[in-house]
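1. task: produce atomic coordinates for the following.
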Amino acid sequence: MDRTMLTARIYVTLKPGVLDAQGDTVKSALETLGFKGVEEVRIGKFMLVTLNSATREEAKAQVEEMCRRLLANPVIEDYTFDLEALASAITAKTKIIYLCNPNNPTGTIFKRGQFERFVKQVPEHVLIILDEAYYEFTRENPEYPDSMTYRLDNVVTLRTFSKAYGMAGVRLGYGLGHDYLIGFVNRIKLPFEPNILAQHAGLAALADEDFLKRSLNNNTQVLKFLAEEFDRLGLKHIPSSANFIMVDFESREKVERLHNSLLRRGIAIRPLAAFGLPHCFRVTCGLPEENEAFLKALRMALK
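-> Prediction:
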């Protein structure tokens, strides 16, 4: 197969030092990291990489991996968003900023003061999408920036019935925003979604305050319980404001071994390589008997 010269432009902020580097230096670094077919690298306001790749799919995969390894990381050491870094990366080409708060899969949040400083740095033409799928689990936290209290014209809030309401199979959620923005959504949305049954289920869920209260109380207790058990087992876990806990398990290999061992015992955890965190896994807060079954299998797998 003839190989094709493909050019990839990456319009994002690079890690400190990369912008000041020479193209041949970055090219050598990429080759050292195992990237093949890098013909040329030029550094300017963006990094221009010319790849000698067989297919566009191959080039796309290489560029995505370069981004993961070389670009400025919006998450800092405690697995929270670095909103200052995100704000500094905004350019005239920025159209949308997507933030998940509480974040999936880390369970962390950015706080009210951080968010208020951040939005002041975002131009009005940039749309901020706030994914608040786990909102109910942290809404009582006074430091949590409930986006609906700000009424910002360039913010769309997304929420769901899939988490605290236990209705993931119904696939029902909703968006809140300025009527100008919702007008654009209505132009492109499918005409029969959500279906009538899902809508009635959502209305019934909103009226069932007792279920929501039980769900949130169980989650609060389980977060505390699992954190204590992980401490006893010497596992590094990240404080969570959602309905799961993320564990930093040091390496992809260790996560994969644990995952396979637990699967053989009928327990499924969520390895997080797909999220760019191959050394971590996530476990959902279950019912008491489910948590006990998980911990029993976990203790056996760690032996």
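
2. centre of the chain versus stretch 98-116, how much separation?
-> 10 Å (C-alpha atoms, centre = their mean, to the nearest Å).

3. meant to ask about stretch 151-169, not that
-> 15 Å.

4. before we move on, what about stretch 296-303?
-> With C-alpha atoms, centre = their mean, you get 28 Å for stretch 296-303.

5. give me the contacts around it.
-> 233, 258, 261-262, 265-267 (C-beta atoms under 8 Å, 6 or more residues apart in numbering). Backbone N, C-alpha and C define where each C-beta goes, glycine included.

6. may I ask which two of those are separated the most?
-> Leu233 and Gly266 (19.5 Å; C-beta to C-beta).

7. which one of these two is surrounded by more residues?
-> Neighbour count, other C-beta atoms under 10 Å: between Leu233 and Gly266, Leu233 has more, with 13 against 9.

8. state the pLDDT value of that one.
-> Confidence at Leu233, expressed as pLDDT, is 97.

9. separation between the nearest residue to it once chain neighbours are set aside and Asp231?
-> Excluding the flanking residues, the one nearest Leu233 by C-beta to C-beta, 6 or more residues apart in numbering is Leu302, at 6.5 Å. Applying C-beta to C-beta, to the nearest Å, the value for Leu302 to Asp231 is 14 Å.

10. repeat for Thr106
-> 18 Å.

11. ok, these two, which is more surrounded?
-> Per other C-beta under 10 Å, whichever of Thr106 and Asp231 has more neighbours is Thr106, with 27 against 11.

12. my read is that that one contacts Ile238, right?
-> Yes. In this structure, Thr106 is within contact of Ile238 by C-beta atoms under 8 Å, at 5.7 Å.

13. list the residues that contact both of the two?
-> What both Thr106 and Ile238 touch, as defined by C-beta under 8 Å, 6+ apart, is the set 79, 246.

14. what's the helix or strand for Gln199?
-> helix 196-207 (DSSP states H and E).

15. and the next helix or strand past that helix?
-> Immediately after helix 196-207, counting by DSSP H and E, sits helix 209-233.

16. what angle do that next one and helix 196-207 make?
-> 80 degrees (axes from the mean of the first three to the mean of the last three C-alpha atoms, to 10 degrees).

17. what are the contacting residues of helix 209-233?
-> In contact with helix 209-233 (C-beta under 8 Å, 6+ apart) are residues 136-137, 164-166, 205, 237, 239-240, 243, 245, 247, 283, 285-288, 291, 295, 298-299, 302.

18. and whatever helix or strand comes next after it, what other elements does it pack with?
-> Next helix or strand after helix 209-233 toward the C-terminus (DSSP H and E): strand 236-238. Secondary-structure packing of strand 236-238 (3 or more C-beta pairs under 8 Å, 6 or more residues apart in numbering; DSSP states H and E): helix 209-233, strand 244-248.
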